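# fold the following.
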Amino acid sequence: MGADIKALRTRIKSVDSTLHLTTAMGFVAASKIRRATDAMNRSRQYSKAVSSIVRQLTASPECRKSPYIKGNQSGKTKLIVIAGDRGLAGGYNANVFRLARQFPDAEFVPIGKRACERFGSGFITSEGFSLRDGAQLSKELCREYLEGDFSRLGIIYTKAISVMTQEAAVKWVLPLEVSEKTDPVGTVFEPDELTILNTAIPEYLNGKLIGCVRESFCAEVAARRMAMDSAGKNAQTMIDDLQLQYNRARQGAITQEITEIVAGSGDD
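Numbering: from 1, shown residues only. Presented below is the predicted three-dimensional model:
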């Protein structure tokens, strides 16, 4: 009986430590949600503005000559995979990797520690991925695309649908889709539409990339908050159950001691 009580006390202490850890991680994630959401919204506005300009340009017949629209015939696919820097975020990383497995012949460019561990060298942080990092990667990818290293470029990221809902998705960015309609704004491009389009693509790609990174990070902290809340509730339930078993064991031990004392007095 004494051994059972000691084992229960040890388990309660262990689960209680886990509860404190999950609670602390939940608070950290919660503190990052607002900042991550603000960064995501700003990047969405920037990406939308750049996309609007590119959409106007691709509607120009002259821009149909651009290699970014015509593409190349290499037939290879390259995917930027955005995952987290750490785990304990529910199915966040697993969903990204599950989607990536649907493209077994693709070449992957990882962003985030977990993605680098799976796919090799890349940008080892997603939380700290900067505009400068994005600009560097975008220029390199545009150069490789023009040289024919790959014919299709996509970004695997996580949509932040709500605090409780996140969804892994792929966004295709190259080659460009031809827009048949332009925004009803009179815009004059100098020196000409084709030159502006070819010059703007690295910035356009950077805008898309940064938007996906910021949205993925927002989804990650939201997923971690939900996962830690769920883990905390499970730990508390386990502690309550163990505490009940402990109390029963203690009560049984006390009853046995009293019985033995009474029996000993009767013998005297």
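
# strands of the stretch 51-200 of the chain, start to end?
Using DSSP state E, counting those that start in this stretch, the strands of the stretch 51-200 of the chain run over residues 77-82, 107-111, 152-160, 166-174.

# can you redo the ones you listed as JSON lines with mean pLDDT?
As requested, those are exported to JSON lines (pLDDT from 0 to 100):
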{"stretch": "strand 77-82", "mean pLDDT": "96"}
{"stretch": "strand 107-111", "mean pLDDT": "95"}
{"stretch": "strand 152-160", "mean pLDDT": "95"}
{"stretch": "strand 166-174", "mean pLDDT": "94"}
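
# residue 221: what's it in contact with?
Contacts for residue 221 (CB atoms under 8 Å, 6 or more residues apart in numbering) come out as 29, 32-33, 36, 89. For glycine as for every other residue, the C-beta is placed from the backbone atoms N, C-alpha and C.

# which one of those has the most neighbours?
Within these, residue 89 tops the neighbour count with 25 neighbours, counted by other CB atoms under 10 Å.

# so which one among the contacts of residue 221 has the lowest pLDDT?
On pLDDT alone, residue 29 ranks lowest of the contacts of residue 221, at 79.

# tell me the angle the helix or strand where that one lies makes with strand 152-160.
Using DSSP states H and E, residue 29 maps to helix 2-58. Here the directions of helix 2-58 and strand 152-160 differ by 130 degrees (axes from the mean of the first three to the mean of the last three CA atoms, to 10 degrees).

# list the buried residues for stretch 115-130?
For stretch 115-130, the neighbour count (16 or more other CB atoms under 10 Å) marks 115-116, 118-119, 122-124, 126-127, 129 as buried.

# what's the closest of these to residue 210?
residue 129 (7.7 Å; CB to CB).

# that closest one: what's it in contact with?
Here residue 129 is in contact with 111, 123, 210, 213 (criterion: CB under 8 Å, 6+ apart).

# could you give the angle of the helix ranked longest in the chain to strand 77-82?
Across the chain, the longest stretch assigned as helix under DSSP state H is helix 193-267. Computed by the same axes, to 10 degrees, the angle separating helix 193-267 from strand 77-82 equals 50 degrees.
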